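[1] Predicted coordinates and the sequence they were generated for:
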Amino acid sequence: CSAILRGGERRTRVPLMTDNNNDDVSSNNVATSASASALIVSATDKAGMEGIDRTKIDAIILRESGNSNFMKQQRKRDAAVDERIAKMKKRLDEHMQNAGSHAWEESERRMQPEIDRLVKKRKRLSTCVVVDMDAFYMSCELLSRPDLNDKPAVVGGGMVLTSNYVARRYGVRSAMAGWIADKLVEELSNGKEKLVHVASNFDLYTRKAHEVRLVLAEYDPKMRAYSLDEAYLDLEPYLSLRFGKGLKHEEVVAALSTADQSTFDKDEEGEDGGRENDDDSKPSAENEDASLDHLSPDDALKATATIVEEMRKRVTEATGGLTCSAGLANNFMLSKIASDLNKPNGQCIVGPTNKEILDFIRPMKVRKIGGIGRVTEKILNAFGINTVQELYDRRASVQFIFAKQATANFLLHRSVGWSNSDSNSKDEEEESSLGQKGISKERTFRAGRTWGEVNGKLEEIAEALSGAMQRKNLFAHTITLKVKLSTFDILSRAKSMARGVYIQSAQEMIPIVSKILSDLKKEHKGTFTVRLLGIRCSSFKEGSDSQQKQLDSFLVKKPANSTTIPPVPTDIESSPKKFDGQDETGQKQERNFVVSPYRKRTDGASSPPVRRDIISSPRPFAAAAAPASVSSPVDETVCPICSKTIAGNNDNLNRHVDACLNAGTVAMLVGESNKEANERSNKKRRVLTDFFA
């Protein structure tokens with residue numbers, strides 16, 4: 001970091017077990033422990049774990065969990081990665097023999113224009129901030145349990161949600177099984193310490209996260225928070241008003257809030273609905289980029305560092321003692337890495353110049369880069385690429401090793417410390433929003449649940465996923481179900497809708513994923529005990545009036561001069577007798593028909609709420625139905641089939657639509673179509689000589 005500001009002091013260091021007390025760890029386990037970090041996430045280091053004895057910790061993890069179903073499955077996957085690496089090396093050797101070293105030089109020359117372009121596009125100032133709360137869940141508990149400050153403690157029982165910094169000195173971290181964490185603390189402290197487990201309290205965590213966001217939103221109303229303990233902010237608008245125009249903090253907050261609302265209003269009004277500027281209006285955040293031009297990058301960096309420190313102190317005051325760490329850089333990828341470097345209660349500032357960025361990123365291990373996980377790290381390490389510097393130096397080899405161009409380009413961009421957040425152009429933001437590949441939701445639970453409970457979980461996931469899609473106004477063409485069994489085998493299957501059909505509601509998702517789950521159970525050989533379910537929707541289309549038509553759009557209110565026809569009789573026969581609205585016993589099921597917002601309520605009552613579902617495949621309800629047992633106010637609605645006005649409640653409209661579809665309308669249309677076809681075929685075919693009579 002080009003500048004590091006500290007707040008508070010680190011927790012007391014916990015002495016590690018000495019070499020003389022290593023009798024419980026077998027030499028065989030120590031020799032093979034290096035593979036633990038490559039097999040499981042909980043064996044990788046986290047903030048506060050610097051200087052721990054990774055060899056001993058890995059040996060204990062492998063010894064305690066080496067024969068579990070999870071580790072067996074991980075070893076299978078690791079073996080598959082080894083096979084993949086062997087094929088990559090063979091292909092690389094063959095290429096080297098045929099092409100020679102000059103091929104790498106040519107490849108590097110072809111990549112240089114792209115590198116130059118990325119460097120040129122860097123932001124001039126470091127204004128991207130990532131704020132990360134320190135051991136958030138545990139810190140929330142410590143507010144009322146200060147006695148745990150100097151004891152190893154975690155939130156969670158069977159699975160560790162987070163640990164305090166004392167426990168991390170023993171290798172305990174989030175995503176670790178609770179019994180393994182207990183064993184680590186017990187052995188590495190020679191029995192002197194015992195891990196304390198605290199039950200989770202998400203109401204408390206959510207309340208504290210809200211307090212944090214209220215503070216952060218003053219500095220960036222458009223901040224993004226992807227979890228309770230982390231937020232992404234761009235301070236450039238704030239800085240331009242604070243230092244460019246000399247406003248006080250309260251004035252800046254008011255100006256940013258006004259600008260955010262005016263932007264929303266402008267979007268609502270459209271291109272022709274803009275408002276003229278008023279010189280006497282409140283301070284505006286518009287043109288903030290130009291107002292920082294008088295600041296040098298160094299002065300802007302110092303000013304920003306001061307603001308970040310001020311912001312962190314205000315978070316601590318607002319939450320009653322919770323601390324946070326922050327990273328500041330000219331893109332969020334660098335800021336995220338920096339936010340983890342000086343925990344707890346510290347901040348790391350990365351300058352905006354190319355030299356400062358490269359000096360910061362190049363010594364890092366490749367695993368520090370967001371998006372490089374366990375598998376990619378192992379592949380890169382197999383080719384002698386351990387640091388970001390080596391990732392850049394061997395960029396030509398990387399381009400050849402990874403067959404997918406997207407992966408190769410991603411690694412090239414990261415090797416020069418560049419990410420998409422370098423550019424704030426409107427086009428790139430829109431492309432990012434429209435180009436989202438998928439949304440998914442997963443739930444993990446204890447194995448051994450009944451089939452009904454598993455299906456209940458599936459419905460909960462569908463509801464949550466549908467809510468996320470509605471908030472983004474997205475409709476999906478493809479839905480994928482992921483199932484993890486107690487053996488840690490992962491099964492998945494995708495289903496695409498018919499052409500032109502897109503879904504969004506949980507009512508549409510549930511039958512599809514339930515059918516997939518049932519099919520997977522039938523096809524699977526062996527015990528089908530589920531421990532994780534996930535649903536993913538993809539192939540999106542944004543919802544709009546022109547793209548996604550609901551049934552409501554076909555139901556219009558009665559014209560003033562139209563005549564009302566009586567409800568369709570209930571004795572109209574319809575074919576077939578059995579329909580989707582009946583169960584196997586022939587009993588009629590309840591129907592959820594969409595109620596039109598255009599209906600005219602003759603009694604003045606308000607209309608029921610309208611479902612936002614897309615009607616992709618409406619069920620063919622039968623016309624024959626028993627009279628409704630519950631009376632409702634009289635509605636008047638125009639039938640979308642025959643354009644006649646229907647009087648009566650929802651059931652009357654249903655029966656009339658069924659009658660139109662089943663009783664003869666379709667036959668009439670087909671008959672007219674056939675008649676026109678016959679007339680065309682009976683016409684005398686004309687030849688060229690007919691035109692020269």
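    Structure received.
[2] for Tyr205, what are its contacts?
    Applying C-beta atoms under 8 Å, 6 or more residues apart in numbering to Tyr205 gives the contacts Phe136, Tyr137, Cys140, Leu228. In short, each C-beta sits where N, CA and C put it, glycine included.
[3] Top of these by number of neighbours, please.
    Within the contacts of Tyr205, Cys140 tops the neighbour count with 29 neighbours, counted by other C-beta atoms under 10 Å.
[4] Now do the SS call for it.
    Following DSSP: H, G, I helix; E, B strand; the rest coil, the label given to Cys140 is helix.
[5] ok so, going back, and the least confident of the contacts of Tyr205?
    Ranked by pLDDT, those bottom out at Leu228, which has 92.
[6] Contacts only, for the residue nearest to that residue when sequence neighbours are not counted.
    Sequence neighbours aside, Ala209 is the residue nearest to Leu228 in space, at 4.1 Å (criterion: C-beta to C-beta, 6 or more residues apart in numbering). By C-beta under 8 Å, 6+ apart, the contact set of Ala209 is Phe136, Ala225, Leu228, Asp229.
[7] I'd assumed Asp229 was in contact with the first one.
    Yes: taking C-beta atoms under 8 Å as the definition, Phe136 is a contact partner of Asp229 at 3.6 Å.
[8] quick one: low-confidence ranges for the stretch 551-693 of the chain?
    For the stretch 551-693 of the chain, the stretches flagged by pLDDT under 70 are 551-638, 640-644, 646-655, 657-693.
[9] Let's see the pLDDT reported for Ala36.
    For Ala36, pLDDT reads 63.
[10] if we can go back for a sec, now the phi/psi pair for the residue nearest to Leu228, please.
    With angles defined as degrees, to the nearest 10, Ala209 sits at phi -60, psi -40.
[11] Same check on the one 10 residues further on?
    Tyr219 has phi and psi values of phi -90, psi -30 when expressed as degrees, to the nearest 10.
[12] And the residue nearest to Leu228, how far from Glu230?
    From Ala209 over to Glu230 the distance is 10 Å, taken as C-beta to C-beta, to the nearest Å.
[13] any idea what sits nearest Asp489, other than its immediate chain neighbours?
    Distances taken as C-beta to C-beta, 6+ apart put Gln73 closest to Asp489, at 6.7 Å, once the chain neighbours are dropped.
[14] Now that the one you found has come up, it's in contact with Ser486, right?
    No: counting by C-beta under 8 Å, Gln73 does not reach Ser486; the two are 10.5 Å apart.
[15] about what we covered before: and the contacts of Ala209, which two are furthest apart?
    Farthest pair in those (C-beta to C-beta) is Phe136 and Ala225. Separation: 12.1 Å.
[16] And the helices in the stretch 101-250 of the chain, which stretches?
    102-120, 136-142, 165-168, 178-188, 202-219, 236-239, 249-269 (DSSP state H, counting those that start in this stretch).
[17] Now the third one - C-alpha only, CSV.
    Just to be clear, that refers to helix 165-168. In CSV, the C-alpha atoms belonging to helix 165-168 read as follows (Å, rounded to 0.1, in the frame of the first residue of the first chain):
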residue,chain,number,x,y,z
TYR,A,165,-9.2,-13.1,15.8
VAL,A,166,-8.0,-15.2,18.7
ALA,A,167,-9.5,-18.3,17.2
ARG,A,168,-8.0,-17.5,13.8
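[18] Show me what it is packed against.
    In this structure, helix 165-168 packs against strand 153-155, with contacts taken as 3 or more C-beta pairs under 8 Å, 6 or more residues apart in numbering; DSSP states H and E.
[19] same thing but 6 Å
    Applying 3 or more C-beta pairs under 6 Å, 6 or more residues apart in numbering; DSSP states H and E, we find helix 165-168 packed against no helix or strand.
[20] pLDDT weak spots in the stretch 101-250 of the chain?
    For the stretch 101-250 of the chain, the stretches with pLDDT under 70 are 101.
[21] Tell me which residues are up against stretch 309-317.
    Leu5, Val212, Val215, Tyr219, Thr323, Cys324 (C-beta atoms under 6 Å, 6 or more residues apart in numbering).
[22] Highest neighbour count among the residues you listed?
    Neighbour counts for the contacts of stretch 309-317 (other C-beta under 10 Å) peak at Cys324, which has 29 neighbours.
[23] That residue reaches Val130, doesn't it?
    No: distance between Cys324 and Val130: 10.1 Å, which falls outside the contact criterion (C-beta atoms under 6 Å).
[24] Now the common contact residues for those two.
    Contact criterion C-beta under 6 Å, 6+ apart; residues shared by Cys324 and Val130: none found.
[25] So what does the closest residue to Lys46 other than its chain neighbours have for phi and psi?
    In space, and not counting its chain neighbours, Lys46 is closest to Arg173: 4.6 Å by C-beta to C-beta, 6+ apart. Phi and psi for Arg173, reported as degrees, to the nearest 10, are phi -150, psi 170.
[26] So Arg173 versus Leu184, what's the distance?
    10 Å.
[27] taking the contacts of Ala209 one by one, which sit in strands?
    Mapping the contacts of Ala209 onto strands (DSSP state E) picks out Ala225.
[28] Take the contacts of Ala209 and write them to TSV, including distance to Val398.
    Shown next, in TSV, are those (distance: C-beta to C-beta, whole Å):
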residue	distance to Val398
Phe136	36
Ala225	33
Leu228	36
Asp229	33
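[29] Alpha carbons of the helix or strand encompassing Asp299, as CSV, please.
    Using DSSP states H and E, Asp299 maps to helix 297-319. Extracted in CSV, the C-alpha atoms of helix 297-319 (Å, rounded to 0.1, in the frame of the first residue of the first chain):
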residue,chain,number,x,y,z
PRO,A,297,-3.5,12.6,-7.7
ASP,A,298,-1.3,12.8,-4.5
ASP,A,299,-3.5,15.5,-2.9
ALA,A,300,-6.7,13.7,-3.9
LEU,A,301,-5.3,10.5,-2.4
LYS,A,302,-4.5,12.1,0.9
ALA,A,303,-7.9,13.8,1.0
THR,A,304,-9.7,10.5,0.2
ALA,A,305,-7.7,8.6,2.8
THR,A,306,-8.9,11.2,5.4
ILE,A,307,-12.5,10.8,4.3
VAL,A,308,-12.3,7.0,4.6
GLU,A,309,-10.8,7.2,8.1
GLU,A,310,-13.6,9.6,9.0
MET,A,311,-16.2,7.3,7.6
ARG,A,312,-14.9,4.3,9.5
LYS,A,313,-14.9,6.2,12.8
ARG,A,314,-18.5,7.2,12.2
VAL,A,315,-19.4,3.6,11.6
THR,A,316,-17.9,2.6,15.0
GLU,A,317,-19.8,5.4,16.7
ALA,A,318,-23.1,4.5,15.0
THR,A,319,-22.9,0.8,15.9
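[30] quick check: mean pLDDT across that helix?
    Helix 297-319 comes out at a mean pLDDT of 93.
[31] what is the orientation angle of that helix with helix 202-219?
    140 degrees (axes from the mean of the first three to the mean of the last three C-alpha atoms, to 10 degrees).
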